[in-house]
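> Sequence plus the predicted model coming up.
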Amino acid sequence: MNVALAILWKDLVSEWRSRDRVMAMLVFSILVAVVFYFALPMLRPEELSALAPGLLWTAYLFSALLGLNRSFALELENDALAGLALAPGNRGWIFLGKAAANWVLISIVQILTAGVFALFYGIDLVPALPGLATVVGLGTVGICAAGTLLAPMAVRTGFREVLLPVLLLPALFPILAGAVEGSGAAVAGRPIPFAALQLLLVTDGIYLIVAFLGFDYVLDE
Amino acid sequence: MNSNPEGHGNAQASIPSRLESRASRWRRPMGYLLAALGAAYAWSVMSAPIDSTQGIIQKILYIHPPLAYGAYLGFVITGVGGVLFLARQREDLDRLAVASAEVGVIFCTLMLVTGPIWARGTWGVWWSWDARLTVTLLLWFVYLAYLLLRSFSGSSPRTARFAAIYGVVGLVLIPLNYYVIEIFGSRSMHPENLERGSLGDGMGLPFLLGNLTLALAFFYLLILRWEVEAQRRLDDASTSSGA
Amino acid sequence: MSYLLAAYGITLIALVSYGLALSRERARLQAQNSPRGDESGS
Amino acid sequence: MSARLLSLQAVDKRYASVTALSGIELELGAGQGLAILGPNGAGKSTLLRIMAGLAHPTGGKVQFAEGAPQRSRVGYLGHATLLYPELTARENLVFAGRLYGVEDPGARADQLLADEGLSGVANRRARGFSRGMAQRLSIARARVHAPELLLLDEPFTGLDEPSAQRLSLRLEGLAHEGHALVLATHEIDRAARLAQTALVLVEGMVKRRVNAEEMSEPFLRTAYAEALEASP
């Protein structure tokens, strides 16, 4: 457990000092929001806000991909990844540390992105906050679990920018379905449908287990 | 849990392995059986009665679902082969996993071709986000990604390990995607049911023969592709070591 | 009717040509890899 | 011969009949120094990574004497420094200490910095370190959990003469402190000074062994030359 906390601390301190990852993800998300504005000129503001959950999650998915790629690209510098592989003990804790760090950094970007979307598309998020936060938080757990398992693979094949989206997106359809359904309900002020919550929880659980056990083989030489 | 026990299992690295040789020996007789079965299958499809409601287009039922079962069979073998490779370091199972993924993607692609043809013939629309088609489409992306992961990272022990892990992710996604489509898939589609066409009398035989023929075709192609993979690995070995 | 033929035709052609491509590659590689021609199947 | 620390029996490393290592037999006593000589591509790095627990042998056994699991008794020093540029020297060592479950990582880090003469730059980020300073910090990192065995993969490569000399002295000091050393190198003079025994690896196979009595630089040079000629 101490190992996971050490890695979480290391990633957050490293990111705080360089801040490049969070900035890159945030700028990317805002750009996506602007792209949607121009891509959907025919929609009146209230129609746009009905689409908001889907658009928001599209921005979330692609900025998370950026962050996950960067998270392990940093580990390749000075071959620090081998340093992690050298550590004794169960490598599942290393996975949890990295996944938690990714979750924290991605969540920061998501909060700011939600603000930008609310601004651009005139959505009053305040009533939806508790519901939205739950759904976004759970969805991000799934993204980080699968992403932290697959990113070290993609990053080391030399095609990282292309391979991670190709590997990760198909694995995230269940998360996307549940998250958009749940976010839509939250934004519309309705209670979050149990089916969406259940789907997110089930998928998160499965990916956390598969990643915890599989990380040993991913980290290996 | 010290995750790497000493002497991590003695991988039996001979190519082709005993299992592969035994499988190859079965391939020739399977080929003959496949030809015979195929003929019977073709005959039974032609002579099957025309469905009163859907018309002749309904006969796609004898090829479309068997293709899907072949695809899923391929994906399951890939997942299980990968897990066994990780557990026992047996490279022949890794070769089986990649062979099965490729043949599975071929069957899956054909399923995604015949599906819209059926939808077009029946409702005049190419793609209807039908539950079964959508799940197969999602899995098609997963196993295409599996093959891309393989080709991007070249043939090495690490690639085999990575692919095995992604094979497990793929395996988990089969029930998950069904679960997703069951809950969310149905909300936007008209409630038609592409699959359960009424299997009236005289229609059971072609459906059965269709499944048998395509399953046999799947295994025939699987073993063939498995042998090709073994030869490719031998080829890589000889070129890289300059023998 | 044409849709039906299209579905069966595409499937047949695809599977047969895939099989032929595989067996051609297998034969080519096998000749290259083991001129001694160690038998494995056909 | 001091207590046996590590032994490799019939270790192979093979993928799709490409053989990186075959039939490796070796024994290493606690506190002993072993040099692994061989041209590039002979499999030295692969052998060291297997001993470090970074890679798995496809055949044979890697047997550590009774005690803690393999990876907690081995320190690894290769070309890469394994350091995080954004973290300071001290933070890098504290992090490595927590990774290895060291009791008081802070105190251990300070002591290691003192050993390597880096106390002055403890709070400077590793990003700004020179090649020599980074090497000393990565030695400290490799020693954070006081490993019984230090694996050194071509540590002198890319070093100018003064820092290579300083590194060689430092390694001798560590050997004195009781660390067992396994040095993979193609520089015979370094090997002769730091190791008691040696073996020559060519194309994944041990071609020649040099025991403690025979060990001297000239003897090692001829043994190495003979081993190269012997193999095709």
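Looks like it arrived, so ask away.

> touching chain D at all, the helix or strand encompassing residue A:149?
Element membership for residue A:149, per DSSP states H and E: helix A:129-155. No - Helix A:129-155 does not reach chain D (Cβ under 8 Å from any Cβ of the partner chain); its nearest approach is 14.3 Å. The way it works is simple: take the backbone N, C-alpha and C, and place the C-beta from them, glycine included.

> so residue 42, which of the three states?
Answering for chain A, as no chain was given. Here residue A:42 is recorded as coil under DSSP: H, G, I helix; E, B strand; the rest coil.

> wait, chain D
Residue D:42 ends up coil, using three-state DSSP.

> My read is that it contacts residue D:202, right?
Yes - Residue D:42 is within contact range of residue D:202, at 5.4 Å (criterion: Cβ atoms under 8 Å).

> Neighbour count for the two, which is higher?
residue D:42 (25 against 20; other Cβ atoms under 10 Å in any protein chain shown).

> Pretty sure residue B:212 sits against residue B:37.
Yes - if you go by Cβ under 8 Å, residue B:212 and residue B:37 touch, sitting 5.9 Å apart.

> got the residues of chain D near chain B?
D:14-19, D:53, D:56-64, D:69-70.

> Which ones, among these, also lie beside chain A?
For chain A, the contacts drawn from the residues of chain D next to chain B by Cβ under 8 Å from any Cβ are D:53, D:56, D:69-70.

> Now do the helices for chain A: every range, in order, please.
Along chain A, counting by DSSP state H, helices occupy A:2-18, A:20-39, A:45-76, A:80-86, A:92-121, A:129-155, A:160-171, A:173-187, A:194-219.

> wait, which of these is closest to residue D:140?
Across those, the minimum distance to residue D:140, taken as Cβ to Cβ, is reached by helix A:80-86, at 12.9 Å.

> export that closest one as PDB, just CAs?
Output in PDB follows, covering the C-alpha atoms of helix A:80-86 (Å, rounded to 0.1, in the frame of the first residue of the first chain):
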ATOM      1  CA  ALA A  80      12.200   4.900 -14.900                       C
ATOM      2  CA  LEU A  81       9.700   2.200 -15.800                       C
ATOM      3  CA  ALA A  82      12.400  -0.400 -15.400                       C
ATOM      4  CA  GLY A  83      13.000   1.200 -12.000                       C
ATOM      5  CA  LEU A  84       9.400   0.400 -11.100                       C
ATOM      6  CA  ALA A  85       9.700  -3.100 -12.500                       C
ATOM      7  CA  LEU A  86      12.800  -3.700 -10.300                       C
END
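
> Of the residues of chain D next to chain B, just the buried ones, ChimeraX syntax please.
Selecting the buried subset of those in ChimeraX, with 16 or more other Cβ atoms under 10 Å in any protein chain shown as the burial test, is done by:
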select /D:14,15,16,17,18,19,53,56,57,58,59,60,62,64,69,70
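
> now the ones next to chain A among the residues of chain D next to chain B as JSON lines including secondary structure, distance to residue D:168 and pLDDT?
Shown next, in JSON lines, are these (DSSP: H, G, I helix; E, B strand; the rest coil; distance: Cβ to Cβ, whole Å; pLDDT from 0 to 100):
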{"residue": "D:53", "secondary structure": "coil", "distance to residue D:168": "26", "pLDDT": "87"}
{"residue": "D:56", "secondary structure": "coil", "distance to residue D:168": "32", "pLDDT": "84"}
{"residue": "D:69", "secondary structure": "coil", "distance to residue D:168": "31", "pLDDT": "81"}
{"residue": "D:70", "secondary structure": "helix", "distance to residue D:168": "27", "pLDDT": "84"}
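
> Mind picking the two most distant members of the residues you listed?
Maximum distance among those (Cβ to Cβ): 14.2 Å, for D:56 and D:69.

> Compute the number of surrounding residues for residue 51.
Defaulting to chain A. There are 15 residues near residue A:51, going by other Cβ under 10 Å.

> Actually, chain B is the one I wanted.
So residue B:51, with other Cβ under 10 Å, has 17 neighbours.

> If we ignore the residues flanking it in sequence, what's nearest it?
Spatial nearest neighbour of residue B:51, excluding adjacent residues (Cβ to Cβ, 6 or more residues apart in numbering or on different chains): residue B:58 at 3.6 Å.

> Any idea which of the helices of chain A gets closest to chain C?
helix A:160-171 (22.8 Å; Cβ to the nearest Cβ).

> Pull the residues that contact that closest one.
The contact list for helix A:160-171 (Cβ atoms under 8 Å, 6 or more residues apart in numbering or on different chains) reads A:61-62, A:65, A:68-69, A:73, A:143, A:146-147, A:150-151, A:153-155, A:157, A:207, B:138, B:141-142, B:144-145, B:148-149, B:152, B:166, B:169, B:173.

> and the longest helix along chain B, how far out from the chain's middle?
Counting by DSSP H, the longest helix found in chain B is helix B:204-240. Computed by Cα atoms, centre = their mean, to the nearest Å, the chain-centroid distance of helix B:204-240 equals 10 Å.

> Tell me the buried residues in that helix?
In helix B:204-240, counting by 16+ other Cβ under 10 Å, buried: B:205-207, B:209-238.

> so residue B:37, which of the three states?
Three-state call for residue B:37 (three-state DSSP): helix.

> So it versus residue B:104, what's the distance?
21 Å (Cβ to Cβ, to the nearest Å).

> And those two? Which one has more around it.
Neighbour totals were compared for residue B:37 and residue B:104, and residue B:104 leads with 27 against 19 (other Cβ under 10 Å).

> Residue B:71 is in contact with that one, correct?
Yes - between residue B:104 and residue B:71 there is a contact under Cβ under 8 Å: 5.1 Å.

> Show me what from chain B comes close to chain A.
Residues of chain B that fall close to chain A, judged by Cβ under 8 Å from any Cβ: B:1-4, B:86, B:138, B:141-142, B:144-145, B:148-149, B:152-153, B:158, B:161-162, B:164-166, B:168-169, B:172-173, B:176-177, B:179-180, B:183-184.

> If we use 6 Å, what do you get?
B:1, B:3, B:86, B:138, B:141-142, B:145, B:148, B:152-153, B:161-162, B:165, B:168-169, B:172, B:176, B:180, B:183-184 (Cβ under 6 Å from any Cβ of the partner chain).

> Report the backbone C-alpha coordinates of stretch A:99-117 in PDB.
Written as PDB, here are the backbone C-alpha positions of stretch A:99-117 (Å, rounded to 0.1, in the frame of the first residue of the first chain):
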ATOM      1  CA  ALA A  99      -4.200   4.800 -11.800                       C
ATOM      2  CA  ALA A 100      -5.000   7.000  -8.700                       C
ATOM      3  CA  ALA A 101      -2.500   9.700  -9.900                       C
ATOM      4  CA  ASN A 102      -4.100   9.700 -13.400                       C
ATOM      5  CA  TRP A 103      -7.500   9.800 -11.800                       C
ATOM      6  CA  VAL A 104      -6.600  12.900  -9.800                       C
ATOM      7  CA  LEU A 105      -5.100  14.800 -12.700                       C
ATOM      8  CA  ILE A 106      -7.800  13.800 -15.200                       C
ATOM      9  CA  SER A 107     -10.500  14.800 -12.700                       C
ATOM     10  CA  ILE A 108      -9.000  18.300 -12.300                       C
ATOM     11  CA  VAL A 109      -9.100  18.800 -16.000                       C
ATOM     12  CA  GLN A 110     -12.700  17.400 -16.100                       C
ATOM     13  CA  ILE A 111     -13.900  19.900 -13.500                       C
ATOM     14  CA  LEU A 112     -12.500  22.900 -15.400                       C
ATOM     15  CA  THR A 113     -13.800  21.400 -18.700                       C
ATOM     16  CA  ALA A 114     -17.300  21.100 -17.300                       C
ATOM     17  CA  GLY A 115     -17.100  24.800 -16.300                       C
ATOM     18  CA  VAL A 116     -16.000  25.700 -19.800                       C
ATOM     19  CA  PHE A 117     -18.900  23.700 -21.400                       C
END
